[in-house]
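K.L.:
Need a 3D model of the sequence below.
(chains A and B)
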Amino acid sequence: MTRTAFLNARLIDPASGLDELGALLVEDGKIADFGSRLFADGKPDCPTVDCKGHVLAPGLIDMRVFTGEPGSEHRETLGSASEAAAAGGVTTMVVMPNTDPVIDAPSLVDFITRRAAATARVRVLPMAALTRGLAGETMTEIGLLMEAGAVAFGDGDRTIANARVMRRALSYASNFDALVVGHAEDPALTEGTAMTEGEFAMRLGVSAAPAIAETIIVERDIRLVELTGARYHLGQISCKSALEAVIAAKARGLPITCAVSAHHLALNELDVASYLTFRKVKPPLRSEADRAAMVAGVAEGAIDVIVSSHDPQAADTKRQTFAHAAFGAVGLETLLPVVLGLYHDGRASLANALKTVTAAPAAILGLDAGRLAKGAPADLALIDPDAPYILEPSSLHSRALNTPFEDRRFMGYALATFVGGECVYDRAKEAR
Amino acid sequence: MRGAAHSPILKTGHLLGTQLLSVEEIVGLLDLAEDYVTLNRTAEKKTSVLKGCTLINLFFEASTRTQSSFELAGKRLGADVMNMSVKSSSVSKGETLLDTATTLNAMRPDILVVRHQDSGAAELLSRKLDCSVVNAGDGAHEHPTQALLDALTIRRHRGSFEGLVVAICGDIAHSRVARSNIHLLSKMGARVRLIAPRTLLPADAERFGVEIFTDMRKGLEGVDIVMMLRLQLERMTGAFVPSTREYFRFFGLDREKLALAKPGALVMHPGPMNRGVEIDSVVADDIDVSLIHEQVEMGVAIRMAVLDALARGLPRGGRNTP
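P.N.:
All right, here's what the predicted structure looks like:
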């Protein structure tokens, strides 16, 4: 039996609201015990980690990570993404099916699982496509894919335009109580556009789509969920009117949850400034009113989850004019500081801020991780929530460095990350 | 040449748009251009202001008049001018805009004139290149020399801009000419009106600080200058307006609609014109109201002024300055 004791920790369990000084014992990769009285009357007889009063919380669960494996390994592999994840305190990442080939068959889900086991430092959970080839036409083998290990179904950053296809997919998914993850951008309104319609896009002369292109699909999918009873999660929302639709749907008791990306919490359309392509994301950055609504939505609990929307892009696809540059920004290593920003800004308690990246996604995905509980996996993040720093892209572990947060002032980072009790990241050893 | 010729006219080493130009810079360029109008009307048009300078015209989008205008301007100032027309297909071959730029940079040009179909292209190049960059049109963003030549044309007829009412009519949403003119004319004290169907007006157009009219007849009342815009062919047939004949009926400039403007109102068009779509030939060819040919003449003068102003700021600049 292998045991490790974490001493002098500020234990935070977002699921129960626990926030106290104490110790935590890991046995064989699981949390065996924890609390303020543990080891209060003597040192444990096993290896110890002195947490020096820093926060020990469940490792982060990121529900939206794009990698380039298989097919575009020059952008990111499961291995390189997992290094970024570990450095960002993320112990579980859900990888999106938007690869080449698309993850739409059981053998490909199996490929992801095996590659992750061989190369990744953190837990990797595959999301499978909801329609074959992400074409939005015919549904995938949801039952077989679930058996192979797919934790959710969705077409990643593509919207299923055809309402009949979406209806049938939701209806079929409900047989298996499968989680369907939707993406909301009306393709007809957004095709060929790069920004949110409004004064700023008009001044830059960049083709733009109104933010309601998102709301239209959110409202459609809510009605289809009402019709079919499927479990539905919005992979990310970004505007006020979409949030209002979700709030109304939740009030009607529908099985709907939603996420927002760290980018849409921390940046708005003005950050595009003079055509900065690293800030071209999908959906595009919104108005300040929308950004503020997203922050309020998280603070009030209407938005369940915060995701990184990690989307690594090679330099050649970003070194273009704004219209031609690729969408996407890396985010695994800036998810935690953006979440902590809600706490520093007084918008949420530390436990409630962390809940959006631990207990909440765990509950939606049906995982036993994401909480401090006896018997739960010892997936932990040791966090200094107050450390100030300026983000340097060169310090990132991701293979692609397209961060929208270059030179941003942040507070808080992961000091160390543990998966199943094993240390997968130690900031002290990285001193450079 | 004027006594002030040695002082810098443009504060940055580039001309990317009119939005960031000050009134002093605009007036400085217009004054300098007047000298070149005079010069261009003499037999000996050539000077040596840009002797030894290399000017590259990099056009990613086909253009006859703007490219030839810049070429002529460069040659009359004594620069070595090279024209490069880059088909957008080279981008699909894997070369990025910045790769092209880096290649050109190694050839050590002094001034790069660039036209590109994407907004922000000129700005992107200005950040990565060592030479001065002139924006000859980027997407739907800006076309500053067009606005400057329009301003020069207007000033020569009306003396000043203060209180002038200028109506810009047509495809505002996709027009860089409109954006550059709105910024410049507003700065100079003119009152700008935009006249277009809603589908051709950008969202939040009101935020430009202009008056919006969707009824051309009402919009033209009391107008001093009518500036027509070209309607691109692909936008005429159902996508943004139902048909050319419907467009001409409601938004084409003919004698009848022009009669609603202030007596003596003048008509401009950046060219090339779609006769019978946005403008009636009778109006376009009426030498008493149409300034369209004069605009072309002013175009060469204003581009000479811009190149001259930029050359003065070059590291080795000032040489041969009269």
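K.L.:
okay, CA-based contacts and neighbour counts for the rest of this
P.N.:
OK.
K.L.:
Please tell me how far A:A273 sits from A:A120.
P.N.:
Using CA to CA, to the nearest Å, A:A273 is found at 36 Å from A:A120.
K.L.:
Tell me how many other residues crowd A:E392.
P.N.:
Residues lying near A:E392 (other CA atoms under 10 Å in any protein chain shown) number 14.
K.L.:
okay, A:A273 and A:A120: which has more neighbours?
P.N.:
More crowded of A:A273 and A:A120, by other CA under 10 Å: A:A120, with 21 against 11.
K.L.:
Spatially nearest residue to the more buried one, not counting backbone neighbours?
P.N.:
Nearest non-adjacent residue to A:A120, counting by CA to CA, 6 or more residues apart in numbering or on different chains: A:G79, 4.4 Å away.
K.L.:
quick one: which helix or strand includes the one you found?
P.N.:
helix A:78-87 (DSSP states H and E).
K.L.:
May I have the phi/psi pair for the residue of the stretch 151-300 of chain B found nearest chain A?
P.N.:
For the stretch 151-300 of chain B and chain A, the shortest gap (CA to the nearest CA) falls at B:D204, measuring 5.4 Å. B:D204 has phi and psi values of phi 60, psi 30 when expressed as degrees, to the nearest 10.
K.L.:
again with A:A178
P.N.:
phi -80, psi 150.
K.L.:
That one and A:F153 touch, don't they?
P.N.:
Yes: contact criterion CA atoms under 8 Å: A:A178 and A:F153 qualify, at 7.4 Å.
K.L.:
neighbour count winner among these two?
P.N.:
Shown here are A:A178 and A:F153; by other CA under 10 Å, A:F153 has more neighbours (29 against 21).
K.L.:
Phi and psi next, for the more buried one.
P.N.:
phi -130, psi 130.
K.L.:
How about A:R279?
P.N.:
phi -110, psi 20.
K.L.:
Might you enumerate the residues of the stretch 251-400 of chain A proximal to chain B?
P.N.:
Residues of the stretch 251-400 of chain A lying near chain B by CA under 8 Å from any CA of the partner chain: A:S274, A:Y275, A:D316, A:R319, A:Q320, A:T321, A:F322, A:A323, A:H324.
K.L.:
domain parsing for chain A?
P.N.:
The record's domain parsing of chain A by automatic domain parsing lists A:3-56+A:377-396+A:409-431, A:60-365.
K.L.:
Turn those into TSV, columns for distance to B:M107.
P.N.:
As requested, the domains of chain A are exported to TSV (distance: least, CA to CA, whole Å):
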stretch	distance to B:M107
domain A:3-56+A:377-396+A:409-431	31
domain A:60-365	21
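K.L.:
so of these, which one's packed in deepest?
P.N.:
domain A:60-365 (a mean of 22; mean count of other CA atoms under 10 Å in any protein chain shown).
K.L.:
hmm, back to that, tell me which of the domains of chain A approaches B:V81 most closely.
P.N.:
Closest of the domains of chain A to B:V81 is domain A:60-365, at 25.6 Å (criterion: CA to CA).
K.L.:
Ramachandran angles for the residue in chain A that chain B sits nearest to?
P.N.:
Of all residues in chain A, A:G205 sits closest to chain B, at 4.2 Å by CA to the nearest CA. When read as degrees, to the nearest 10, the backbone of A:G205 gives phi 70, psi 30.
K.L.:
Is the longest helix that chain A contains positioned near chain B?
P.N.:
Scanning chain A for the longest helix, with DSSP state H as the assignment, gives helix A:212-228. No: with CA under 8 Å from any CA as the criterion, chain B is not reached by helix A:212-228; the gap is at least 13.4 Å.
K.L.:
which is the next helix or strand following that helix?
P.N.:
Taking DSSP H and E, what comes next after helix A:212-228 is strand A:231-234.
K.L.:
before we move on, the earlier item: run the chain-centre distance for the helix holding A:G79.
P.N.:
Mean-position distance between helix A:78-87 and its chain equals 13 Å (CA atoms, centre = their mean, to the nearest Å).
K.L.:
what packs against it?
P.N.:
helix A:106-119, strand A:409-419, strand A:422-426 (3 or more CA pairs under 8 Å, 6 or more residues apart in numbering or on different chains; DSSP states H and E).
K.L.:
again, 7 Å this time
P.N.:
helix A:106-119, strand A:422-426 (3 or more CA pairs under 7 Å, 6 or more residues apart in numbering or on different chains; DSSP states H and E).
K.L.:
What pairs with the last one, parallel or antiparallel?
P.N.:
Using DSSP bridges, the strands paired with strand A:422-426 in its sheet are strand A:409-419 (antiparallel).
K.L.:
With only the CA atoms kept, save the partner strand in PDB.
P.N.:
Taking C-alpha atoms only, strand A:409-419 is exported to PDB below (Å, rounded to 0.1, in the frame of the first residue of the first chain):
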ATOM      1  CA  ARG A 409      -1.400  40.400 -15.000                       C
ATOM      2  CA  PHE A 410      -2.800  37.400 -13.100                       C
ATOM      3  CA  MET A 411      -3.000  36.300  -9.500                       C
ATOM      4  CA  GLY A 412      -2.700  32.600  -8.600                       C
ATOM      5  CA  TYR A 413      -1.300  29.400 -10.100                       C
ATOM      6  CA  ALA A 414      -0.900  25.800  -9.400                       C
ATOM      7  CA  LEU A 415       2.200  25.000  -7.300                       C
ATOM      8  CA  ALA A 416       1.800  21.200  -7.900                       C
ATOM      9  CA  THR A 417      -0.700  18.900  -9.500                       C
ATOM     10  CA  PHE A 418      -1.400  15.300  -8.500                       C
ATOM     11  CA  VAL A 419      -3.300  12.600 -10.400                       C
END
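K.L.:
Check what contacts it and list those residues.
P.N.:
A:86-89, A:91, A:122, A:336-337, A:340, A:378-391, A:423-427 (CA atoms under 7 Å, 6 or more residues apart in numbering or on different chains).
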